[in-house]
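Undergrad: take a look and give me a structure for this.
(one chain, ligands or ions: 2)
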Amino acid sequence: MVVILKDGADSKKVKNLTDWLENQKISVHKVIGEYQTILGLIGDTSKIDIDLIQGLDIVEKVKRISEPYKNANRKFHPDDTIIDVGGHKIGGGNFQYFAGPCSVESREQIISIAKDVKKAGANILRGGAFKPRTSPYAFQGMRAEGLELLLEAKKETGMPIVTEIMDASHLDLFENVDIIQVGARNMQNFELLKELGRIDKPIFLKRGLCATLQEFLMSAEYIMAEGNQKVILCERGIRTFETATRNTLDLSAVAMLHEMTHLPVVVDPSHASGIARLVKPMSFAAAACGADGLMIEVHNDPAKALCDGPQALRPEEFAEVTRGVNAIRETVNNL
Ligand code: PEP
Ligand code: MN
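TA: Ligands and ions are numbered 1, 2, ... in the order given. Reported below is the predicted structural model:
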């Protein structure tokens, strides 16, 4: 529930109202805006008499809000959340490239790609060690060994790493991982989300293949409700009737999510399109519509990649993307 106060409302009366609500186990978040002050009521407001509050002379309007997500809701947290990963900020106007192969395949592969993407402007290295594959017969990732190699690449290049977790029982292995990714297929693995809510590490949450934005934010809410507020959202394409591309990149989600939530929104044009030559134009479009970062798959030999080769860029193609995206961001920021 949201209580919009009248301009110049008597602060003593506001305090009385706040105390009264808090006595009923409602926590009150006061947001002082330039033109309006609002009280965000969090807790079970079902027993609060809305007419009673509406009748107070300090109150302009009372609204029961329908969104069930509170922590992720921009209404209660008007400022953008900025997440700092090893000195690299994401959100609130800070843009980051998360780049690397779909999967870690060998020491040489991950280290050479890490160096290449870093040179091209990426600050965060991605690479899957535990891979969610549609077929149980497909390469499942190097698992714990892959994590070790990622950590070596981190040491060698100084880049923080992001990699996917598939089971909470693996959490100990992720101790030195900087950002933990929850893949699209696990977006509604609620027990996993709750576990990740109890740790103090940024979580990179990818949108489920068929998830609405509200469902996506409810998954973020599962993490945040347990205490961990560091959630980065990732639009990675949704499943539609279209078959020409792997998925359909929902760019309106970027603009809409920025209205609905204060969390940073990153776009993954690689999984969204599934086609390497579409990654550049889709990256440009994502940057133009306000994404806070891009996650892009890069491989030194896409034809031989063990996973997602058709959508992987070569390092020099990735460098072209970062050059163009940087120019687009500068233009858009000056509009
Ligand atoms: C990935 O990033 O490697 C991945 C598997 O992505 P998604 O969960 O979006 O399919
Ligand atoms: Mn992939």
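Undergrad: in contact with Val59, which residues?
TA: Contacts for Val59 (C-beta atoms under 8 Å, 6 or more residues apart in numbering) come out as 3-6, 9, 17, 53. The way it works is simple: take the backbone N, C-alpha and C, and place the C-beta from them, glycine included.
Undergrad: now the strands for the stretch 101-250 of the chain?
TA: According to DSSP state E, counting those that start in this stretch, the stretch 101-250 of the chain carries its strands in the segments 124-126, 161-164, 179-182, 203-206, 231-235.
Undergrad: for those strands, give me a markdown table that also has mean neighbour count.
TA: Listed next are the strands of the stretch 101-250 of the chain as a markdown table, based on neighbours: other C-beta atoms under 10 Å:
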| stretch | mean neighbour count |
| --- | --- |
| strand 124-126 | 28 |
| strand 161-164 | 26 |
| strand 179-182 | 23 |
| strand 203-206 | 27 |
| strand 231-235 | 27 |
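Undergrad: reformat the ones you listed as TSV; add mean pLDDT.
TA: Shown next, in TSV, are those (pLDDT from 0 to 100):
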stretch	mean pLDDT
strand 124-126	98
strand 161-164	98
strand 179-182	98
strand 203-206	98
strand 231-235	98
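Undergrad: on that earlier part again, just the buried ones from the contacts of Val59?
TA: By neighbour count, with 16 or more other C-beta atoms under 10 Å, the contacts of Val59 hold 3, 5, 9, 17, 53 as buried.
Undergrad: out of those residues, who's nearest ligand 1?
TA: For the buried ones among the contacts of Val59, the residue nearest ligand 1 by C-beta to the nearest ligand atom is Val3; the value is 39.1 Å.
Undergrad: residues touching that closest one, list them.
TA: Contacts of Val3 (C-beta under 8 Å, 6+ apart): 17, 38-39, 41, 53, 59, 61-62.
Undergrad: quick check, nearest of those residues to Val117?
TA: Nearest to Val117, judged by C-beta to C-beta, of the contacts of Val3 is Ile38 at 43.0 Å.
Undergrad: so the closest one bridges to which residues?
TA: With DSSP bridges as the criterion, Ile38 is bridged to Ile4, Val31.
Undergrad: any regions of this structure where pLDDT drops low?
TA: In the predicted model, the chain carries pLDDT under 70 at residues 46, 66.
Undergrad: helices of that one, residue ranges please.
TA: Residue ranges of the helices in the chain, as given by DSSP state H, are 11-23, 50-54, 107-119, 143-157, 190-197, 213-225, 252-260, 269-273, 276-288, 315-333.
Undergrad: among those, which is nearest ligand 1?
TA: helix 269-273 (4.5 Å).
Undergrad: show me how far that closest one is from its chain's centre.
TA: Helix 269-273 sits 16 Å away from the centroid of its parent chain (C-alpha atoms, centre = their mean, to the nearest Å).
Undergrad: that one - contacts with which helices or strands?
TA: For helix 269-273, the packing partners by 3 or more C-beta pairs under 8 Å, 6 or more residues apart in numbering; DSSP states H and E come out as helix 276-288, strand 293-297.
Undergrad: how about a cut-off of 6 Å?
TA: Packing partners of helix 269-273 (3 or more C-beta pairs under 6 Å, 6 or more residues apart in numbering; DSSP states H and E): helix 276-288.
Undergrad: can I get the CA coordinates of the helix it packs on in CSV?
TA: Listed next in CSV are the C-alpha coordinates belonging to helix 276-288 (Å, rounded to 0.1, in the frame of the first residue of the first chain):
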residue,chain,number,x,y,z
ALA,A,276,26.4,-14.4,-34.5
ARG,A,277,25.7,-11.8,-37.2
LEU,A,278,22.6,-10.5,-35.3
VAL,A,279,24.6,-9.9,-32.1
LYS,A,280,26.0,-6.5,-33.3
PRO,A,281,22.7,-4.9,-34.4
MET,A,282,20.9,-6.2,-31.3
SER,A,283,23.7,-4.9,-29.1
PHE,A,284,23.4,-1.5,-30.7
ALA,A,285,19.6,-1.5,-30.2
ALA,A,286,20.0,-2.7,-26.5
ALA,A,287,22.4,0.1,-25.8
ALA,A,288,20.2,2.7,-27.5
